[in-house]
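Trainee: Just to be clear, the model below is a prediction. Sequence and coordinates:
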Amino acid sequence: MFKKMGVAGPKPYPVIGNMMEFKNGLWDIELQMSRVKEFGGAYGVFGGMRPAYVVTDREFLREIFIKQFHNFADRSASTTALEVRPMCRSLTDLNNASTTALEVRPMCRALTDLRGDDWKNVRTTISPSFTGGKLKLMTDILNRCADQLVDNIGTSTRDGAACDIKELSSAFTMDAIAAVAFGTDINTQETPDHPFVVNAKKAFGMDLKNPLLWVYLILPKITKPIMESLQVSLMPRDCVNFFSGVLSQLMQQRQAGGEGRVDMMQLMMDAHTMRDEEEGEGGEAGGRTRGRKQALSRDDVLANGIQFILAGYETTASTLSFTMYNLATHPDVLDKVIREVDDVMKDRDTVDYEACKKLEYMEMCIMENLRIYPAAPRLARVATADTKIQWLTVPKGMLMDIPVLPIHYDPERYPEPDKFIPERFSKEERQKRDPCDWLPFGAGPRNCIGMRLAMMEAKIALAKILRSYRIALAPDMEVPVQLSKYTAFVKPEHGIRITVEPRNSGGD
């Protein structure tokens, strides 16, 4: 197929196509870089029986994410995306919803799975939840969660002991997202085996070793209708049922006139009443999403609520812990961050919204960390119409597979790409760089909706930690850190272990 179209690519095997490319995992940077060097910035592969273009070329990416976004707005095709949804559809159905109805999964209504105008409308409705004004309301809650994280670090490292900062960060981010999104104080930082944590870990426990995932990826046309008829998704049933049940109860309480809080759940339920001018404040990279506001259905609130929990839990925890790993391995950079934190916080007890904006060098460190350790290794877009991009003809329905690692490790984009150099992300350097050269949150109108919240959460936690402690790697911490090969999100294989040295009242 690709040969007839004049498109190069590695030779596929019968049935499984090029799936053997993943035998060493999703984080095989060397293989991905060698493929780009051999076949160029746009080449063809087969994911099982399905063809796809692998794209890393800057001009192609700009066309896909921004210039011709209208033809690449979807992340999946209707022929492959699982349509597994709840039996009751609207918020008013809650009082009549049966137990059986709550035991099916709403995940096909999450933003990542919606397509076309459906996606635009839900995105437009939810976007006001992430304006600067709403983020300001969340800082006090995030500071309280960060204070607990600092206390836990102190307890865990008493008498010079080491702690796994990834585990502590995960508990912090779970508490933070539950509080700011749903007004729920679950305090998993003091209860490590809390059901929220147990079920979130289940959701991220599936990897490429799962045989069901392989069958679905190789033979989606055959597997999809069977899975849908049996209401089987790739996410564990008990995990989604748990979060659906919790969120349904919270929605019922609010509909019944229970205690109201200014959080994402309430904003999602009320979003269609927001002022139009608030929609664009979230900084939609590459242009504004032009949809119409609509009241969210029960499916929409549940699906996106679950997605916020899971995305806010794992990805932000990884960003926070890997950033601390990079700071601990670069003491000179750590010193600069500490000096900035002390300067910004000298007249503050709380890391408020304005303080976050002033932590510019810390932001540079987080961004460079996300270049080296992006949360997810790949992005995807699907052509919704026949499209011409330079010399490449993209037929309708073609998957555009965008591997983030060879873009972030491209020496032409980032000289000495293996080195941690925060100065790459100074304001001056960012202005010189193409927006498609840095993709931890995607790019264009369909970038990550929670990007600003994730950055603010990481800044608040880091500022609180560094006001109290100077961090270092534990003696038994492996360098470089080993990544889990088969997880869909970046994860340290053996954790990230650190030790800390207390600082005197936030200053050396």
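Mentor: Cool, got the structure.
Trainee: All the strands of this protein, residue numbers only.
Mentor: Under the criterion DSSP state E, the chain carries strands at the ranges 42-47, 50-55, 163-164, 378-382, 387-389, 392-394, 399-403, 469-473, 497-502.
Trainee: can you put those strands in TSV and add mean pLDDT, mean neighbour count and distance to Lys120?
Mentor: Where you see a C-beta, it was placed from the backbone N, CA and C, and this is true even at glycine. Converted to TSV, the strands of the chain look like this (pLDDT from 0 to 100; neighbours: other C-beta atoms under 10 Å; distance: least, C-beta to C-beta, whole Å):
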stretch	mean pLDDT	mean neighbour count	distance to Lys120
strand 42-47	95	22	27
strand 50-55	96	22	23
strand 163-164	97	20	41
strand 378-382	96	21	15
strand 387-389	96	18	19
strand 392-394	93	20	21
strand 399-403	97	21	19
strand 469-473	97	19	43
strand 497-502	97	18	43
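Trainee: Compare those strands and give me the one nearest Asp299.
Mentor: strand 378-382 (21.8 Å; C-beta to C-beta).
Trainee: correct me, but Val150 touches Leu466?
Mentor: No. Between Val150 and Leu466 no contact is recorded; they are 9.8 Å apart, counting by C-beta atoms under 8 Å.
Trainee: who's more crowded, these two?
Mentor: Between Val150 and Leu466, Leu466 has the larger neighbour count (other C-beta atoms under 10 Å), namely 25 against 19.
Trainee: low-scoring stretches of the stretch 151-300 of the chain, by residue?
Mentor: Low-confidence regions of the stretch 151-300 of the chain, defined here as pLDDT under 70, cover residues 205-209, 258-263, 267, 270-295.
Trainee: same thing but at 90, please
Mentor: Using pLDDT under 90 as the threshold, the predicted model of the stretch 151-300 of the chain has low-confidence ranges 159, 178-187, 190-300.
Trainee: before we move on, back to that, and the strands of the chain as a markdown table, adding distance to Trp119?
Mentor: Compiled in a markdown table, the strands of the chain are given as follows (distance: least, C-beta to C-beta, whole Å):
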| stretch | distance to Trp119 |
| --- | --- |
| strand 42-47 | 22 |
| strand 50-55 | 21 |
| strand 163-164 | 37 |
| strand 378-382 | 12 |
| strand 387-389 | 18 |
| strand 392-394 | 20 |
| strand 399-403 | 16 |
| strand 469-473 | 40 |
| strand 497-502 | 40 |
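Trainee: all helices of the stretch 201-350 of the chain, in order?
Mentor: 211-218, 220-229, 237-255, 264-270, 298-328, 331-345 (DSSP state H, counting those that start in this stretch).
Trainee: so which of the ones you listed comes closest to Ala146?
Mentor: Taking C-beta to C-beta as the criterion, helix 298-328 is the member of those that comes nearest to Ala146, at 10.1 Å.
Trainee: Which stretches in the stretch 51-200 of the chain count as helices?
Mentor: Under the criterion DSSP H, counting those that start in this stretch, helices of the stretch 51-200 of the chain are mapped to 58-62, 99-102, 116-126, 132-156, 165-182, 195-203.
Trainee: Mind listing what's buried along the fourth one?
Mentor: Along helix 132-156, these residues count as buried under the neighbour rule (16 or more other C-beta atoms under 10 Å): 134-135, 138-139, 141-143, 145-146, 148-150, 152-153, 156.
Trainee: do the first one as well
Mentor: Neighbour counts over helix 58-62 (16+ other C-beta under 10 Å) mark Arg58, Phe60, Leu61, Arg62 as buried.
Trainee: from those residues, which is closest to Pro411?
Mentor: Ranking the buried residues of helix 58-62 by separation from Pro411, with C-beta to C-beta as the measure, puts Arg58 on top at 13.8 Å.
Trainee: Report pLDDT for the closest one.
Mentor: In this prediction, Arg58 carries a pLDDT score of 96.
Trainee: measure it to Ile66 for me?
Mentor: 11 Å (C-beta to C-beta, to the nearest Å).
Trainee: likewise Glu416?
Mentor: From Glu416 to Ile66 the distance is 28 Å (C-beta to C-beta).
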